[in-house]
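> Everything below, folded, please.
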Amino acid sequence: MNLLSEALALKEETIRLRRDFHRHPELDLDVQRTAGIVAKTLTDLGLKVTTGLAKTGVVGMLHGSTDSPVLLMRFDMDALPILEETGVSYASENPGKMHACGHDSHTAVGLSVAKILASKRTELKGTIKFVFQPGEEGAGGAQLMVADGVLENPRPDYSLGMHVWNEKPVGWYALKPGPTMAGAQIFTLTLTGKGGHGASPHQTVDPVVAAAQIITALQTIPSRNVSPLESAVVTVGKIDAGTAFNIIPQQAVLEGTIRTFKPEVTKKVNDRFYEIINNISAAMNCTAKIDLMQVTYPVINDPDLSALMASVVNTIDPNAKIDKEHQTMGSEDFSFMMHDIPGCFIFVGSANPEKGLDYPHHHPKFNIDEACLPFAVAVMAQGAMEILEKKPKSE
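Now for the predicted structure:
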């Protein structure tokens, strides 16, 4: 079986859909137009459609010749608050909003996959739950969809997701078994001291000085507390303190993120994070209020699913370069849908430097080489069929 011919037959339709979504980007959970197109398309294909999960999420159920196993396929729909600078004919018509990460492509790919598999429903050895998710870019869409029951009635046995990747050219695919994307936490640290005149620091308790020492000390966690053979990131990305040059403020507020791949590393980083902040704050006579929240889990690819998908890629694209070592400290909230369900998340190279299509994700000139789209469609569609048929199970 090789579904590339079916995907190539849909190439122009996939591109048309992608450009339409690109022209009309929507943010966070408010993707009404996109969700409406998705729901209508899935309904027209004969799927049982549910709407309104996480406000605008859409789920389409495609039943094959048997009810089980059940495969969840996730495609995200939301854009970013960026003013587009690509100059393409299908550029954003919504100023300050742009599909600068590729979710327009993911939605178009998902609809084309649904069209191919709906035409082969009698050949499907199970059920596919198509999940079109809003709010991946920080609005908690996946977690909200889980809370709204996306993993129930029926519960998936497998999960599958994809992302176009502009760090690599068309023809490159990443399928690393095990941790492939980091889990992300975000933190807000509020340091409270005693404000006063900048000329009389001895009469104050300066939270800015405490913040400076804490920021420096936090950088020793990855370098001195985590093994050099492991990975961790602790970043302070925002500092808010003070109102004038001659005023020592009452408070300093720091915001940042922690990224790790493994639970044991996360625990070690978090333990040291609290120790450093609390001890330095106490030494500086400040009080510290720490808010630390888990935003995503690590994306951990099931080894057997990864091997199956690598075989599918080789069938679809014999010239493919499959990278089985690729990792990124970027995070992905699809992890909430594959946290305790065997899953696989595949990266599909989408850059073409010769055409100037290699700006990074979240850049105002981000754009992809659409030649990658039919390959993504074929890989996802064929992968779904083979997962249901072969029912891979890791020991």
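> Longest helix in the chain, please.
helix 263-283 (DSSP state H).
> Quick check: buried residues in it?
Within helix 263-283, the residues that qualify as buried are 265, 266, 268, 269, 270, 272, 273, 276, 277, 280, 281, counting by 16 or more other CB atoms under 10 Å. In short, each C-beta sits where N, CA and C put it, glycine included.
> which of the residues you listed lies closest to residue 322?
Nearest to residue 322 out of those is residue 265 (CB to CB; 26.8 Å).
> The closest one and residue 67: what is the separation?
Using CB to CB, to the nearest Å, residue 265 is found at 39 Å from residue 67.
> all strands for the stretch 251-395 of the chain, in order.
With DSSP state E, counting those that start in this stretch applied, the stretch 251-395 of the chain shows strands at 251-260, 287-296, 299-301, 321-323, 343-351, listed in chain order.
> For residue 59, find the nearest of these.
The closest of the strands of the stretch 251-395 of the chain to residue 59 is strand 343-351. By CB to CB, the value is 16.8 Å.
> For that closest one, enumerate the helices and strands it packs against.
The contact analysis (3 or more CB pairs under 8 Å, 6 or more residues apart in numbering; DSSP states H and E) places strand 343-351 against strand 158-169, strand 172-174, strand 299-301, helix 303-316, helix 373-390.
> Kindly present those as CSV, with separate columns for mean pLDDT, distance to residue 339 and mean neighbour count.
Shown next, in CSV, are the helices and strands packed on strand 343-351 (pLDDT from 0 to 100; distance: least, CB to CB, whole Å; neighbours: other CB atoms under 10 Å):
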stretch, mean pLDDT, distance to residue 339, mean neighbour count
strand 158-169, 98, 9, 24
strand 172-174, 98, 20, 24
strand 299-301, 96, 9, 25
helix 303-316, 97, 15, 20
helix 373-390, 97, 18, 24
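> who wins for proximity to residue 187 among the ones you listed?
Closest among those, using CB to CB: strand 299-301, at 20.8 Å.
> Show me what the closest one is packed against.
Counting contacts by 3+ CB pairs under 8 Å, 6+ apart, strand 299-301 is packed against strand 178-181, strand 343-351.
> Now do it: distance to the chain's middle.
Computed by CA atoms, centre = their mean, to the nearest Å, the chain-centroid distance of strand 299-301 equals 12 Å.
> Now the most centrally placed residue in the chain, what are its backbone angles?
By CA atoms, centre = their mean, the chain has its centre lying nearest to residue 332, at 2.5 Å. Torsion angles at residue 332 (phi, psi; degrees, to the nearest 10) stand at phi -150, psi 120.
> list the contacts for it?
Residue 332 sits next to 136, 161, 163, 181, 296, 299, 345 when contact means CB atoms under 8 Å, 6 or more residues apart in numbering.
> Pull out the buried residues from the helix or strand hosting residue 8.
Residue 8 is part of helix 4-9 when elements are defined by DSSP states H and E. Neighbour counts over helix 4-9 (16+ other CB under 10 Å) mark 4, 6, 7 as buried.
> what's the neighbour count on the residue nearest to the second one when sequence neighbours are not counted?
In space, not counting the residues next to it along the chain, residue 6 is nearest to residue 116; the distance is 5.0 Å by CB to CB, 6 or more residues apart in numbering. Here the count is done by other CB atoms under 10 Å, and residue 116 has 20 residues near it.
> Tell me who's in contact with residue 29.
Contacts were defined as CB under 8 Å, 6+ apart; by that measure residue 29 touches 54, 55, 56, 78, 134, 135, 139, 141, 144.
> hang on, it in a strand?
No - going by DSSP: H, G, I helix; E, B strand; the rest coil, the assignment for residue 29 is coil, not a strand.
> Would you map out the domains in this structure?
Domain assignment for the chain, taken from automatic domain parsing, gives 4-180+298-390, 183-296.
> Tell me which of the ones you listed sits most buried.
Compared across those, domain 4-180+298-390 shows the largest average neighbour count, a mean of 20 (mean count of other CB atoms under 10 Å).
> Pull up the distance across it, start to finish.
Here the two ends of domain 4-180+298-390 are set 20 Å apart, with distance taken as CA to CA, to the nearest Å.
> Likewise for stretch 280-294?
Terminal residues of stretch 280-294 lie 24 Å apart, using CA to CA.
> Please apply the same query to stretch 238-248.
18 Å.
> distance between that stretch and the chain's centre?
Counting by CA atoms, centre = their mean, stretch 238-248 comes out at 35 Å from the chain centroid.
> cool, and stretch 272-282?
From the chain centre to the centre of stretch 272-282 is a distance of 31 Å (CA atoms, centre = their mean).
> now do stretch 107-120
Distance, centroid of stretch 107-120 to centroid of chain: 21 Å (CA atoms, centre = their mean).
> Dump it to PDB, restricted to CA.
This file holds the C-alpha atoms of stretch 107-120, laid out as PDB (Å, rounded to 0.1, in the frame of the first residue of the first chain):
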ATOM      1  CA  THR A 107      -5.500  21.700   9.500                       C
ATOM      2  CA  ALA A 108      -5.400  21.300   5.700                       C
ATOM      3  CA  VAL A 109      -3.400  18.100   6.000                       C
ATOM      4  CA  GLY A 110      -5.900  16.800   8.500                       C
ATOM      5  CA  LEU A 111      -8.900  17.400   6.300                       C
ATOM      6  CA  SER A 112      -7.100  15.800   3.300                       C
ATOM      7  CA  VAL A 113      -6.300  12.800   5.500                       C
ATOM      8  CA  ALA A 114      -9.900  12.500   6.500                       C
ATOM      9  CA  LYS A 115     -11.000  12.600   2.900                       C
ATOM     10  CA  ILE A 116      -8.700   9.800   1.900                       C
ATOM     11  CA  LEU A 117      -9.500   7.600   4.900                       C
ATOM     12  CA  ALA A 118     -13.300   8.200   4.600                       C
ATOM     13  CA  SER A 119     -13.100   6.800   1.100                       C
ATOM     14  CA  LYS A 120     -11.400   3.700   2.500                       C
END
